[in-house]
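Asks: could you look at this predicted model? Sequence included:
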Amino acid sequence: MSAEFHGLRVLRGDPEATAAGLAGRRVRGVRRHGKFIEIELDGERSFIVHLGMTGKLLLNGAPGKHTHAILTLDRGTLLYDDSRQFGRLELSSGLPARVQALGPEPLEVTLGEFAERLHRRKTKMKALLLNQKFLRGIGNIYADEALFRAGIHPLATAARLKGERIRKLHAAIREVLAEAIAAGGSSISDYVDVDGRQGSFQVRHNVYQKTGEPCPRCGAPIRRILVAQRGTHFCPKCQKK
DNA sequence: ATCGGTACCTGCACGC
DNA sequence: TGCGTGCAGGTACCGA
């Protein structure tokens, strides 16, 4: 491949050195680590991509105002486009420490390990679900949707949950993620896959960005509060501390 | 080690 | 038509 970069914000490291390090490499595979994408290259190198809020990797897409990287491959081009520039690109040897430090995959973690990790945390449930060292890959939408399905208040203290409620949350996380993946994700305003296609799970959101609308279970108006500086949506009647 | 708060960006919808 | 405000799929970094 060959690579060119525009702007300095999204790229970690020197643009020239990164382009030189990528030149002539072959892509061996692509793996996901929570929200980090690892493009495995030959020579024990990896190109690490995090999409942030508005990042997109697009295969054979049209470059635009917010295109920060163009990777030219044998079979087409891969663009990195990101209007808010919260995403990051990095050429590294192996996995960076912050990627290795991620918590377990939510679709793989056992109920026992989940419960044990939960008991060690004093923070609010919503903040904990957003913490990538607790579980990798859960973001603001799926944190709110999972807590709603489990009937747990976003301000509930993690360590105080027990038994049945932990089991419900473990199941709710798995269900909401599995359904969202099957639906191609949630496209609110920006998200598209590598072929530019939108997901459809947003039409099945129960609480996320539904402030004031009736709860689908009990009809009470959905409330919005801030937890860990993030908009948090929940049903004040169905979700208990 | 863990926590909460702040900084980093652009774009859009809204009210005046 | 502008202009100010608030909001948005996230993480890194800082001090307590």
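Replies: Good, I have the coordinates. Residues are numbered from 1 along each chain as shown, chains lettered A, B, ... in the order given.
Asks: now do the helix of greatest length in chain A, average pLDDT.
Replies: Taking DSSP state H as the criterion, chain A has its longest helix at helix A:163-182. Mean pLDDT, helix A:163-182: 97.
Asks: how about the residues of chain A by DNA strand C?
Replies: Proximity of chain A to DNA strand C, by Cβ under 7 Å from any atom of the strand, involves residues A:34-35, A:50, A:52-53, A:84, A:86, A:88, A:98, A:130, A:132, A:139-141, A:185-191, A:209, A:224, A:229-231. (C-beta placed from N, C-alpha, C; glycine too.)
Asks: in the longest helix of chain A, what's buried?
Replies: A:165-166, A:168-170, A:172-174, A:176-177, A:180 (16 or more other Cβ atoms under 10 Å).
Asks: need the three-state assignment for residue A:149.
Replies: Secondary structure state of residue A:149, per DSSP: H, G, I helix; E, B strand; the rest coil, is helix.
Asks: burial count for it?
Replies: Using other Cβ atoms under 10 Å, residue A:149 is surrounded by 20 other residues.
Asks: surely it touches residue A:178?
Replies: No: between residue A:149 and residue A:178 there is no contact under Cβ atoms under 8 Å: 12.0 Å.
Asks: show me where chain A has its strands.
Replies: Ranges of strands within chain A are A:2-5, A:11-12, A:27-33, A:36-41, A:45-50, A:55-59, A:67-73, A:76-82, A:88-93, A:223-227, A:230-234, based on DSSP state E.
Asks: columns mean neighbour count and distance to DNA strand B on top of those strands, output as CSV?
Replies: Output for the strands of chain A, formatted as CSV (neighbours: other Cβ atoms under 10 Å; distance: least, Cβ to the nearest atom of the strand, whole Å):
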stretch, mean neighbour count, distance to DNA strand B
strand A:2-5, 18, 15
strand A:11-12, 18, 13
strand A:27-33, 13, 18
strand A:36-41, 19, 17
strand A:45-50, 21, 12
strand A:55-59, 20, 11
strand A:67-73, 19, 11
strand A:76-82, 20, 9
strand A:88-93, 18, 10
strand A:223-227, 15, 8
strand A:230-234, 20, 9
